[in-house]
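Enquirer: I would like to see how this sequence folds:
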Amino acid sequence: MVIGLTGNIGSGKTTAADYFVRRGARLINADKIGRSLLPAIAREAIKRLGSQVASGTRLDPVKLRTAVFSDPKKLMILNRLSHPRLVREIRDRLRRIRSGIVVIDAALLFEWPGLMPEIDVPILVTAPQFLKEQRAARKGIDRKTFRRILRNQRSEKTMARQATYVIRNDGSPERLYRQCRAVYKEIKNDC
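Expert: The predicted structure follows:
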C-alpha cells in the first residue's frame, strides 16, 4: 500500500508522515532525495542557471532556492534537470520495498504524472496561510521567499480534487495526529 502525502510549504505534511512512520510505515522523503541529487546535477545547473546558485562548484541550496523562486524560467530549468531523476529514484525505492505501507512525502506529488500510478492513497495536508508562513519561518525561510514558493505550488483547492483524503492541520499536533489516526485506520481496514 503506497500513501502519497502532499501539501504546500508549511502545511505539516512531514509531521503527518512522521505519524504514519511511527505506526510502522516506511518513508520515502522526496525533499531528502532531491537534496541528495544536487551533486549529480550541479555542473549542468550552474551552467544553465548561473554561478549565483553555487558556492564554488557545488550547488548551494539556499542560493538555489532564492534564484529559482525569483524566476519561473530558472525554476523550470531546475525542475527539468532534477524531476526525472527524482521520480526515477522514488520509483526505484518503491520497487525495493516488498511489503507493508509506504509513505511518500512529496510537495509536488500531483505534478509527477509518472509517479501517480504507483500511489494507492493520495492524501493532502492543508493549513491556513498564516500557519504555513510561521512554520516556514521556523525553518529559516523568510516571508518573501515563502510567498514566492507558495505562488509556484498548486493551490490546495486544486490538489484536494486529486486527493482521497484531506487532513486540515489548523490546530495542535494532537489534532493533526487524531486526523492521521482516523485516516490510517481506514486505510489499514481497506488493505
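
Enquirer: Could I get the phi/psi values of residue 29?
Expert: phi -100, psi 110 (degrees, to the nearest 10).

Enquirer: so residue 17 touches residue 29, yeah?
Expert: Yes - with contact defined as CB atoms under 8 Å, residue 17 reaches residue 29; the gap is 7.4 Å. Every C-beta, even on glycine, is put in place using the N, C-alpha and C of the backbone.

Enquirer: can you map out the strands along the chain?
Expert: Here the chain has its strands, by DSSP state E, at 2-6, 26-29, 54-55, 58-59, 102-105, 121-126, 165-168.

Enquirer: what residues does the last one touch?
Expert: This means strand 165-168. 16, 121-127, 160, 176, 179-180, 183, 186 (CB atoms under 8 Å, 6 or more residues apart in numbering).

Enquirer: Neighbours of residue 170, how many?
Expert: Residue 170: 13 surrounding residues under other CB atoms under 10 Å.

Enquirer: if I read this right, residue 11 contacts residue 134, doesn't it?
Expert: No - using CB under 8 Å, residue 11 is not in contact with residue 134, being 11.8 Å away.

Enquirer: And the two? Which one has more around it.
Expert: Neighbour totals were compared for residue 11 and residue 134, and residue 11 leads with 27 against 13 (other CB under 10 Å).

Enquirer: who touches the more buried one in this structure?
Expert: 125-127, 132, 156, 169.
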